[in-house]
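Undergrad: how would this look folded up:
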Amino acid sequence: MKQKVVSISVLAAAVLAINGCGSSSSSSTTPPTATPTTGTALYVDSAVEGVSVTCGSTTSVTDAEGRFTYEDGKDCQFSVGSVVLRTESGLYQDKVIIEDNIQTAQYLQSMDYDGNPDNGITIHNQTAEVMAQHNRTHVPTNDQELAECVADMENADIGYQGHFVHEQDAQEHVEKTKVKHEQDNQNNPHNPDNNDQQQNTPNDQEHPSNNDQQQNTPNDQNHPSNNDQQQNTPNDQNHPSNNDQQQNTPNDQNHPSNNDQQQSTPNDQNHPDNNDQQQNTPNHN
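TA: Residues are numbered from 1 along each chain as shown. Okay, here's the model as predicted:
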């Protein structure tokens, strides 16, 4: 009887242990991974195609327009294989990144597959392999290093038709790209780069300083200073000073001084002096 009770106790303990393990395993869950927010921007010196761009966990290759994918809040690294071209931050939708570093622009234009950067710059998909084979790890810093990279491409037998691009030629091409970008912005009023400029332009008709200027313009007919000037103009017929002048004009027939003068005129027939003169004339009959 005692042995039977012990067996039942052991069996009950085993069941509880199994249930406990099952309950523990079912309560653990893996949190979902957040999907990063991404957008697209452009990399140009003419459109640059074939450059690898890494932004956080997002990796892409620039297309024929130079467009690539970026991840919000992450720095983006641009490279051709192991050769790092630049790092960019603060990206937003449709932002245009112009490669204005002359050494980098000179390298990209020299690596252009067909040798004509005016129709776009294309970095062949085997260019990265050629650079890695010759241990090229940075953008050439002088003409000798650039010439060696061009020679590597020419000897790779991949159909490369490019050539060495001199610094001055690279600079001129970058300036042409900048001018084209500015013209595109002017023709596209919805470009986000233009919004701030339009809002802060002093010549904007809606600008507060211009409104104040219009309201306070001295030539404005309704301007208070002009009203005062019109009211106080000496030539105004209703001006008090002019009224006084008219009232006090010596030639006014109703002026008291003129009346006195007329009354006291010696030639007046009714003047007492004249009467006396007529009465006392020696030749009086």
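Undergrad: Flag the shaky bits of the stretch 101-250 of the chain, pLDDT-wise.
TA: 189-250 (pLDDT under 70).
Undergrad: Would you map the strands across it?
TA: 121-122 (DSSP state E, counting those that start in this stretch).
Undergrad: can you give me the helices in it?
TA: 102-111, 127-133, 143-154, 167-187, 192-200, 208-215, 224-231, 240-247 (DSSP state H, counting those that start in this stretch).
Undergrad: what comes up buried for the third one?
TA: Residues of helix 143-154 classed as buried by neighbour count (16 or more other CB atoms under 10 Å): 146, 149, 150, 152, 153. (C-beta placed from N, C-alpha, C; glycine too.)
Undergrad: The fourth one and residue 145: what is the separation?
TA: Which is residue 152. 11 Å (CB to CB, to the nearest Å).
Undergrad: same question, the last one
TA: Distance check for residue 153 against residue 145: by CB to CB, it reads 13 Å.
Undergrad: Ok, residue 43 next?
TA: 23 Å.
Undergrad: Thought residue 163 was touching residue 147, still the case?
TA: No: using CB atoms under 8 Å, residue 147 is not in contact with residue 163, being 10.4 Å away.
Undergrad: Closest one to residue 31 out of the buried residues of helix 143-154, please.
TA: The nearest member of the buried residues of helix 143-154 to residue 31, counting by CB to CB, is residue 149 at 47.1 Å.
Undergrad: Just the terminal-to-terminal distance for stretch 155-174.
TA: In stretch 155-174, first residue to last residue: 28 Å (CA to CA, to the nearest Å).
Undergrad: Next, count neighbours for the closest residue to residue 138 other than its chain neighbours.
TA: The shortest distance from residue 138 to any non-neighbouring residue, by CB to CB, 6 or more residues apart in numbering, is to residue 83 (6.2 Å). Using other CB atoms under 10 Å, residue 83 has 21 other residues around it.
Undergrad: Can you verify my assumption that residue 83 contacts residue 137?
TA: Yes: contact criterion CB under 8 Å: residue 83 and residue 137 qualify, at 6.4 Å.
Undergrad: which ones are touching the nearest residue to residue 51 once chain neighbours are set aside?
TA: Distances taken as CB to CB, 6+ apart put residue 62 closest to residue 51, at 4.6 Å, once the chain neighbours are dropped. Remark: with contacts taken as CB atoms under 8 Å, 6 or more residues apart in numbering, residue 62 is in contact with 43, 47, 48, 49, 50, 51, 53, 68.
Undergrad: Over to the last one: give its phi and psi.
TA: To tie it back to what came earlier, the one meant is residue 68. With angles defined as degrees, to the nearest 10, residue 68 sits at phi -140, psi 170.
Undergrad: pLDDT value on the nearest residue to it once chain neighbours are set aside, please?
TA: Spatial nearest neighbour of residue 68, chain neighbours left out: residue 53 (4.3 Å); criterion: CB to CB, 6+ apart. Looking at residue 53, its pLDDT stands at 98.
Undergrad: Report the beta-bridge partner residues of residue 53.
TA: Residue 53 has these beta-bridge partners by DSSP bridges: residue 60, residue 78.
Undergrad: Quick check, it in contact with residue 67.
TA: No: using CB under 8 Å, residue 53 makes no contact with residue 67, being 9.9 Å away.
Undergrad: Looking at those two, which has the bigger crowd around it?
TA: Ranked by neighbour count (other CB under 10 Å), residue 53 and residue 67 place residue 53 first, with 22 against 17.
Undergrad: Distance of the more buried one relative to residue 81?
TA: Relative to residue 81, and taking CB to CB, residue 53 is found at 13 Å.
Undergrad: To which secondary structure element is residue 74 assigned?
TA: Residue 74 is part of no helix or strand, with elements assigned from DSSP states H and E.
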